[in-house]
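*Asks:* sequence and predicted model, in that order:
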Amino acid sequence: MNSFRSTNLAPGQKLSGRYQILSQLGQGGFGRTLLAEDLYLPGQPKCVVKQLQPSATDPDSLQVARRLFDTEAQILYKLGTHPQIPQLFAYFEENQEFYLVQEYIEGENLDRELHSKQRISEESVIDLLYEILEILAFVHQQNVIHRDVNPYNLIRRKEDGKLVLIDFGAVKQITTQMVQASGKNYTVAIGTPGYFPSEQAMGSPKLSSDVYAVGIIGIQALTGCSPEQIPSNSQTGEINWHSLIKVNPGLTYVLDRMVRYDFRDRYASATEALEAVRKLRISNSKTIGGKTIAVSSNKTVGGKTLVVGNNKSFSNFQIDLTRIRGWLAKGTISMGIVGVGAAIFVGINHFLAANNATDLYRQGNILYELKDYDRALAAYEQALKIRPEYGEAWQGKGDVFQAQKRYKESLIAYEKAIQIQPNRWQPRLGRAQVLDKLGKNQEAIETYKKVIKIKDNVAEAWLGLAQVQMELNQYSEAIESYDRLLKMQPENSWAWYQQGWAWQNLREYEKAIKSYDKAVDIKPDLSSAWYQKGNVLMNLEEYEKAVEAYAKAVQFQPKLHQAWYSQGIALSKLGRNEEAIAAYSQATQVKSNYAQAWYQKGWMLHQLKRYEEAISAYDTVIRLRPSDYQAWYNKGNVLYNLGNYEGAIAAYKQTIAIEKDYYQAWNSQGNALLLLKRYDEAIRAYDRALRYQPDYRQAQEGKAQAQSLLRSEQQKLQEQQENENNEERENEGIENTEN
């Protein structure tokens, strides 16, 4: 058992000489959460300090803990770029304990909001789910599981009324494990009882574990019941909440799927759940009863013939069965919709009553395209019961399993389809895609080539082959594959862009520019192509053209902070420093914690002798990256130029504390000490510079000057002492004479 043996931090104490503790906010098995104020910033703003202590303090365990802590801090820093997740301001180690400093969010937690009302309306619950899932989707896109989503960790921000997701103390990348004192790896289950599902309780959380937690919050909001009061089936483990309240069938479906006992039956991530809730919001705002669903035209997708005509309102759909190549009798079948986001249909008895393999297969295709994967799978399996050697149905199973990320089962199904129909390319294409997703790149390449051997004009195969070749850094081969694809699809702007990226990696810059130009000719607003074209032009030292390319990138994507930053670099190369500063300012407006842009802005201001502004920029870098020794060093140089030698020395000392062999900082410290006439200290600083860089001429000259001045000072002191002694002797002589 891990007993938390942390340093006792009382109100008024300081951490790292900067963060003064105000009070304790909470304590758990992994550490303590404290409210503090930042003494270094104007107004001394409040911040949250999380104190973490490893369960073992031997050198090996501490080393592993440092690595894990650094990894987690990097994740938190990246997550903090979202406006509804607290920013990470700093992280550091002190006395073998680790500290995270995060933004303080003023407001009340969602638990209070839920308890203030017995039940919340369906519309409000849908909005609540949407807001939580919007934040969580960003987290999941970073491949991070929160693992403790609950009403206490959702704060309604006082400033703007928006929810903020907090307490990422339990955040780990999906495979992270805790290191215990024994040196063994133990998987740790983290979370709040009632809000985490069975797989998380067993220490194997998934992205869908967070989705489960959001679903429980939704049911709690609807019913007014705490998680402990919501009944469940003792045999299956499924949540049985329907008896507590009757709600819209669409909302019922979405919540049921979010809280399914088996994680494979849930939405795989917050992104998928968000899309379902988004469609539910649309359907909830309109009357859908009596409307029909439309499939307006045929299209081949992965070997299936179907396209569902989609209307933004979802309120006027029809399936025109006469257009589906005679799959069913002529006529239109009306369908009521339950849960538009999940595409569940009722009232289609004739269609679902299919009892032959072909009709079941076609039914599976429609359900697959509507992303109703469970029922599509059931249809394919029914078809296979009737006709076990039905290759297309085996391929359909493979497609469903692939969509559900059940890749091993998908491979088995595709291989069965290939065994039955070795000359069909479609199951081989699916197999290649799955092999790629499993990281079996070489097998994927071989399978794509087999598809092409059967039919050499399958665009998806050339695209897939090119993408795998790019992953393997086989850029020349990828270029050839893109060439073949572009012969079939000359207007494919993305393929031109990817080919340009391949040329760029081969340093064939002129060819890369041609590909990027083709991409933007087809799609002028393809900002990524403009951005990479700018990068190529930078490599060619064509800075004027690079500035123009970056300008196009930000014209079409104003929040592309990398393009603003790179434009600043190009402008600085041209000596257009004021414009460069403006570009860096744009980058930091888009991404306020973009340390590199703050640093470059500080450097430009430094060069323009706008010293006070430069210090402000460097201070921002230091706040974002306290261990950025170059920012500390440059700040020292600015203070030196302002004649603030004591301040400069303090900055140089910070530099050296981070990077002890940074000889320039030792030399600059020597220079400042020299001007303060602290010659002994200056000589020692120059000696340290020369220890790390023996032939550093500036340090040699500085040391010689300090020694010379020290000798002169000592000589003056000696002469002064001698004069004083002579004067004493003369005075004594006069006294003796008088006596």
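*Replies:* That came through fine. Residues are numbered from 1 along each chain as shown.

*Asks:* C-alpha only now, for contacts and for neighbours.
*Replies:* Fine.

*Asks:* which residues does Tyr390 contact?
*Replies:* 383-384, 417, 420 (Cα atoms under 8 Å, 6 or more residues apart in numbering).

*Asks:* select from those residues the one having the most neighbours.
*Replies:* Ala383 (27 neighbours; other Cα atoms under 10 Å).

*Asks:* quick check: that one is in a strand.
*Replies:* No: under DSSP: H, G, I helix; E, B strand; the rest coil, Ala383 sits outside any strand and is assigned helix.

*Asks:* so who does the nearest residue to it once chain neighbours are set aside touch?
*Replies:* Sequence neighbours aside, Ala357 is the residue nearest to Ala383 in space, at 4.2 Å (criterion: Cα to Cα, 6 or more residues apart in numbering). Counting by Cα under 8 Å, 6+ apart, Ala357 touches 382-384, 386-387.

*Asks:* quick check: Pro388 vs Tyr380, distance?
*Replies:* Computed as Cα to Cα, to the nearest Å, the Pro388 to Tyr380 distance reads 10 Å.

*Asks:* more neighbours: those two, which one.
*Replies:* A count of neighbours by other Cα under 10 Å puts Tyr380 above the other of Pro388 and Tyr380, at 27 against 13.

*Asks:* state the pLDDT value of that one.
*Replies:* At Tyr380, the model reports a pLDDT of 95.

*Asks:* start at 59 instead
*Replies:* All right, first residue 59 from here; so that's Tyr438.

*Asks:* and the helix or strand in which it is found, what does it pack against?
*Replies:* Secondary structure assignment for Tyr438, by DSSP states H and E: helix 431-444. Packed against helix 431-444, as judged by 3 or more Cα pairs under 8 Å, 6 or more residues apart in numbering; DSSP states H and E, are the following elements: helix 415-427, helix 449-461.

*Asks:* out of those helices, which is the most enclosed?
*Replies:* helix 449-461 (a mean of 26; mean count of other Cα atoms under 10 Å).

*Asks:* what's the neighbour count on the residue nearest to Ile297 when sequence neighbours are not counted?
*Replies:* Spatial nearest neighbour of Ile297, chain neighbours left out: Ser290 (4.2 Å); criterion: Cα to Cα, 6+ apart. Ser290 has 14 neighbours, counted by other Cα under 10 Å.

*Asks:* and Ser290, what does it touch?
*Replies:* With Cα under 8 Å, 6+ apart, Ser290 has these contacts: 296-299.

*Asks:* so what does it look like in phi/psi?
*Replies:* Main-chain torsions, Ser290, degrees, to the nearest 10: phi -140, psi 160.

*Asks:* helix, strand, or coil at Met109?
*Replies:* Just to correct that, residue 109 is Gln rather than Met. Going by three-state DSSP: Gln109 is strand.

*Asks:* returning to what we had before: now the buried members of the contacts of Ser290.
*Replies:* Buried by 16 or more other Cα atoms under 10 Å: 297, 299, out of those.

*Asks:* mind putting the contacts of Ser290 in TSV, pLDDT included?
*Replies:* Shown next, in TSV, are the contacts of Ser290 (pLDDT from 0 to 100):
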residue	pLDDT
Glu296	89
Ile297	92
Asn298	93
Trp299	95
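
*Asks:* let's see the pLDDT reported for the residue nearest to Ile297.
*Replies:* For Ser290, the predicted pLDDT is 88.

*Asks:* what about Asn481, distance to Lys508?
*Replies:* Going from Asn481 to Lys508 by Cα to Cα gives 10 Å.

*Asks:* looking at these two now, which is surrounded by more residues?
*Replies:* Lys508 (18 against 15).

*Asks:* residues in contact with that one?
*Replies:* Contact analysis of Lys508 by Cα under 8 Å, 6+ apart lists 483, 486.

*Asks:* and it, helix, strand or coil?
*Replies:* From three-state DSSP, the assignment for Lys508 is helix.

*Asks:* quick one: average pLDDT of stretch 312-330?
*Replies:* For stretch 312-330, the per-residue pLDDT averages 94.

*Asks:* please apply the same query to stretch 210-229.
*Replies:* Mean predicted confidence for stretch 210-229 is 86.

*Asks:* what's the answer for stretch 565-573, then?
*Replies:* The average of the pLDDT scores along stretch 565-573 is 96.

*Asks:* for stretch 124-144, same thing?
*Replies:* 87.

*Asks:* tell me how far that stretch is from the chain's mean position?
*Replies:* 9 Å (Cα atoms, centre = their mean, to the nearest Å).

*Asks:* again with stretch 741-751
*Replies:* For stretch 741-751, the distance to the chain centre is 42 Å (Cα atoms, centre = their mean).

*Asks:* try stretch 120-127
*Replies:* 21 Å.

*Asks:* counting neighbours, which bits of it end up buried?
*Replies:* By 16+ other Cα under 10 Å, the buried positions in stretch 120-127 come out as 120, 123-124, 126-127.

*Asks:* got it, and stretch 757-768?
*Replies:* For stretch 757-768, burial by neighbour count (16+ other Cα under 10 Å) applies to 757-758, 760-761, 763-765, 768.

*Asks:* now stretch 318-334 - C-alpha only, PDB.
*Replies:* The C-alpha trace of stretch 318-334 is given here as PDB (Å, rounded to 0.1, in the frame of the first residue of the first chain):
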ATOM      1  CA  ARG A 318     -22.600  -0.600 -22.200                       C
ATOM      2  CA  TYR A 319     -20.900  -3.100 -19.900                       C
ATOM      3  CA  ASP A 320     -18.600  -4.400 -22.700                       C
ATOM      4  CA  PHE A 321     -16.300  -1.600 -23.900                       C
ATOM      5  CA  ARG A 322     -16.400  -2.900 -27.400                       C
ATOM      6  CA  ASP A 323     -20.100  -2.200 -27.600                       C
ATOM      7  CA  ARG A 324     -19.600   1.500 -26.600                       C
ATOM      8  CA  TYR A 325     -18.600   4.400 -28.800                       C
ATOM      9  CA  ALA A 326     -14.900   3.800 -29.200                       C
ATOM     10  CA  SER A 327     -13.900   7.400 -28.200                       C
ATOM     11  CA  ALA A 328     -15.400  10.700 -27.300                       C
ATOM     12  CA  THR A 329     -15.100  11.800 -30.900                       C
ATOM     13  CA  GLU A 330     -17.600   9.100 -32.000                       C
ATOM     14  CA  ALA A 331     -19.900   9.800 -29.100                       C
ATOM     15  CA  LEU A 332     -19.800  13.500 -29.800                       C
ATOM     16  CA  GLU A 333     -20.900  12.900 -33.400                       C
ATOM     17  CA  ALA A 334     -23.800  10.900 -32.200                       C
END
